[in-house]
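> Mind folding the following:
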Amino acid sequence: MKLLTGELTPQKGSVSRPPKLGVLSQDQFAYDAFRVVDTVIMGNKRLWDTLQERERLYNLPSMTDAQGMRLGELEGIVGEEDGYSAESDAAVLLQGLDIPNEVHERTMAELQGGQKVRVLLAQALFGNPQALLLDEPTNHLDLDSIHWLETFLERYDGTLIVISHDRHFLNAVCTHTADIDYQTIITYTGGYDDMVLAKTQIRSRLESQNEQREKKIAQLQDFIQRFSAGTRSSQVQSRRKEVERLQTTDLARSNIARPYIRFQMARPSGRLAMECEGVSKAHEGLQVLDGFDAIVNRGEKIVLVGRNGVGKTTLIKALLADAPGQPPSPGDIDSGSVRWGHEVSIGYFAQDHTGAIAHGLTAVEWLHQFDPDASKQDIHGLLGQMLFAGEEGYKPTAALSGGETARLLFCRIMLQKPNVLILDEPTNHLDLESINALSVALQKYEGTVFLVTHDEDLMDAVATRVWKVAHGHVHDFKGTHEEFEAATSSTPQ
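The predicted model follows:
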């Protein structure tokens, strides 16, 4: 992607780019001094440069004829680039990405990280670029914003190149999928699922052809050995040539690593997993949760949905405020009660896992402390399942990437064997193979699950019940996520 955007120079070959290119910036702090709306307009460089020059000329105490002529030219460019509606066009993009009007005049420095990413996405989309290069555009987007982006990109008539770990999103927007594997790039027609199917079929065919060739070669080699010293030398020679022709091709090994996630329970909980009554929580005078009641039975898999910032994580923290095996946090609930069932043990994956893994240890040492009785072989086996192969288990915890941190936290949960899983945005740092492995593991898990995610495929695969958080209330829907979507799409919100 960096070669395509021009951030990196190719050692060989060349890249041709259209004049108007929309690129999702990865530097969240580059625009801190600018207004939000101006940051979006900067996505059209020609328009932004023209507006800056025009403003300089208008601010001159007096103007020469040449400067007046130049001002006329600039006004023409502003018209060509739809500059007179630039602020309102930028506002439409920002609203679609859940950046409210009251934020548009603020500086970027005043925004939170997730909001900054959405503004930078609006910047990339602004000004009708001929091509869009988007690296992980759905990160920090809630489901409504992802749906808005899908619709925008389906209508977009330029060229789109996107990197994403959201399978549903890729299937929705992509006409082709470029798979980087086997030390090469192969482009398949269709979305992600189409690519996986075609890739599997092609690989199976190559392996089958190799197998048939190897059988034929073995038969020929047998003939050569039996008759090489006899009178049938011409037949032996022709078979040697046939062996050379049939030599099997060495199939490159896939460089895509697939983790193995399996959640087990040391023991089941009681039939009643959790009961809450009158749970309320306010932040800075805003009522985020207002008197929530629920009974959760063992084995239910609840997905929490809602816009960013409405209170999904607040609800999770309220449920955990005095939960067994978790550090008490009475400040996370204002009123109401939460009662966990008999023998409940909780595996918790926090959305913000900064500081969740202590530094000064190796991955093996950190994991071992959660089950000192486990053998080193067991610990290394668990780490190997989550792609910490061989010496990687001795990697210092301070040097772990976001994805490695997430995988190590899953190792801890697998080691602890809880009967309740509470997972808050677990896919943020996972690749597609890890997300697929997580989906399979949650479907097979026999315990109770509370899951916050914006990955639609994961919701559809896992949920048996949906809690929608909005405006201080939680709508409790008993059914799958697909059934919830069907019910709410036919009901006015």
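
> shaky segments in the stretch 201-350 of the chain?
Within the stretch 201-350 of the chain, the stretches with pLDDT under 70 are 229-232, 246, 248-253.

> swap the cut-off to 80 and go again
The model of the stretch 201-350 of the chain has pLDDT under 80 over residues 202-217, 219-221, 223-237, 239-240, 242-256.

> quick one, strands of it?
Using DSSP state E, counting those that start in this stretch, the strands of the stretch 201-350 of the chain run over 272-283, 286-297, 301-305, 335-340, 346-349.

> Go through those and name the closest to Asn44.
Nearest to Asn44 among the strands of the stretch 201-350 of the chain is strand 301-305 (34.4 Å), distances taken as CB to CB. C-betas here are computed from N, CA, C, even on glycine.

> other SSEs contacting the closest one?
On a contact count with 3 or more CB pairs under 8 Å, 6 or more residues apart in numbering; DSSP states H and E, strand 301-305 meets helix 312-320, strand 448-452, helix 456-462, strand 465-470, helix 481-489.

> one more time with 7 Å, if that's ok
Packed against strand 301-305, as judged by 3 or more CB pairs under 7 Å, 6 or more residues apart in numbering; DSSP states H and E, are the following elements: strand 448-452, helix 456-462, strand 465-470.

> what about Leu57, neighbour count?
13 (other CB atoms under 10 Å).

> Return the most buried member of the helices and strands packed on strand 301-305.
strand 448-452 (a mean of 24; mean count of other CB atoms under 10 Å).

> Direction included, what does it pair up with?
With DSSP bridges as the test, strand 448-452 is paired with strand 301-305 (parallel), strand 420-424 (parallel).

> Please enumerate residues in contact with the first one?
Which is strand 301-305. Residues outside strand 301-305 that contact it (CB atoms under 7 Å, 6 or more residues apart in numbering): 143, 296, 312, 315, 442, 449-453, 459, 462-469, 481.

> C-alpha coordinates for that strand, CSV please?
Once non-C-alpha atoms are left out, strand 301-305 reads as follows in CSV (Å, rounded to 0.1, in the frame of the first residue of the first chain):
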residue,chain,number,x,y,z
LYS,A,301,-24.4,-15.8,23.8
ILE,A,302,-25.2,-12.2,24.1
VAL,A,303,-23.9,-9.6,21.5
LEU,A,304,-24.0,-5.9,22.6
VAL,A,305,-24.6,-3.5,19.8
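
> what about it, distance to the chain center?
18 Å (CA atoms, centre = their mean, to the nearest Å).

> between it and strand 286-297, how many degrees?
Between strand 301-305 and strand 286-297, the angle comes out at 170 degrees (axes from the mean of the first three to the mean of the last three CA atoms, to 10 degrees).

> what about the longest helix in the protein?
helix 192-227 (DSSP state H).

> which parts of that one are buried?
Residues of helix 192-227 classed as buried by neighbour count (16 or more other CB atoms under 10 Å): Tyr192, Asp194, Met195, Val196, Ala198, Lys199, Arg213, Ile217, Leu220, Phe223, Ile224.

> Same check on stretch 21-30?
Residues Leu21, Gly22, Val23, Leu24, Ser25, Gln28 are the ones in stretch 21-30 that count as buried (16+ other CB under 10 Å).

> Okay, now it: how far is its last residue from its first?
18 Å (CA to CA, to the nearest Å).

> mind listing what Asp135 touches?
Residues in contact with Asp135 (CB under 7 Å, 6+ apart) are Met1, Leu24, Gln26, Ile163.

> per-residue confidence at it?
With respect to pLDDT, Asp135 scores 93.

> coming back round to it: any chance of the strands of the stretch 201-350 of the chain in JSON lines, with distance to His473 and mean neighbour count too?
Output for these, formatted as JSON lines (distance: least, CB to CB, whole Å; neighbours: other CB atoms under 10 Å):
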{"stretch": "strand 272-283", "distance to His473": "11", "mean neighbour count": "18"}
{"stretch": "strand 286-297", "distance to His473": "6", "mean neighbour count": "17"}
{"stretch": "strand 301-305", "distance to His473": "13", "mean neighbour count": "24"}
{"stretch": "strand 335-340", "distance to His473": "14", "mean neighbour count": "16"}
{"stretch": "strand 346-349", "distance to His473": "24", "mean neighbour count": "22"}
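
> Relative to Ala86, which of those is closest?
The nearest among these, by CB to CB, is strand 286-297 at 32.7 Å.

> mind listing what that closest one pairs with, with the direction of each?
Here strand 286-297 has these sheet partners by DSSP bridges: strand 272-283 (antiparallel).

> Show me what the partner strand is in contact with.
Counting by CB under 7 Å, 6+ apart, 288-298, 314, 318-319, 333-341, 344, 420, 448 sit against strand 272-283.

> Turn the helices and strands packed on strand 301-305 into CSV, including mean pLDDT and distance to Gly403.
Output for these, formatted as CSV (pLDDT from 0 to 100; distance: least, CB to CB, whole Å):
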stretch, mean pLDDT, distance to Gly403
strand 448-452, 97, 19
helix 456-462, 95, 17
strand 465-470, 96, 27
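
> now those as JSON lines including distance to Met108?
Output for the helices and strands packed on strand 301-305, formatted as JSON lines (distance: least, CB to CB, whole Å):
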{"stretch": "strand 448-452", "distance to Met108": "27"}
{"stretch": "helix 456-462", "distance to Met108": "29"}
{"stretch": "strand 465-470", "distance to Met108": "27"}
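
> Of all the ones you listed, which one is nearest Asp181?
helix 456-462 (20.9 Å).

> for that closest one, packing partners?
Using 3+ CB pairs under 7 Å, 6+ apart: helix 456-462 touches helix 167-173, strand 301-305, helix 432-444, helix 481-489.

> For it, output the C-alpha coordinates as CSV.
Output of helix 456-462 as CSV, limited to C-alpha atoms (Å, rounded to 0.1, in the frame of the first residue of the first chain):
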residue,chain,number,x,y,z
GLU,A,456,-21.0,-8.4,11.5
ASP,A,457,-20.0,-11.9,10.4
LEU,A,458,-19.0,-12.7,14.0
MET,A,459,-22.3,-11.3,15.4
ASP,A,460,-24.3,-13.5,12.9
ALA,A,461,-22.2,-16.6,13.7
VAL,A,462,-22.3,-16.3,17.5
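
> how about stretch 383-392: buried residues?
Leu383, Gly384, Gln385, Met386, Leu387, Phe388.

> now stretch 55-68
Under 16+ other CB under 10 Å, stretch 55-68 has no buried positions.
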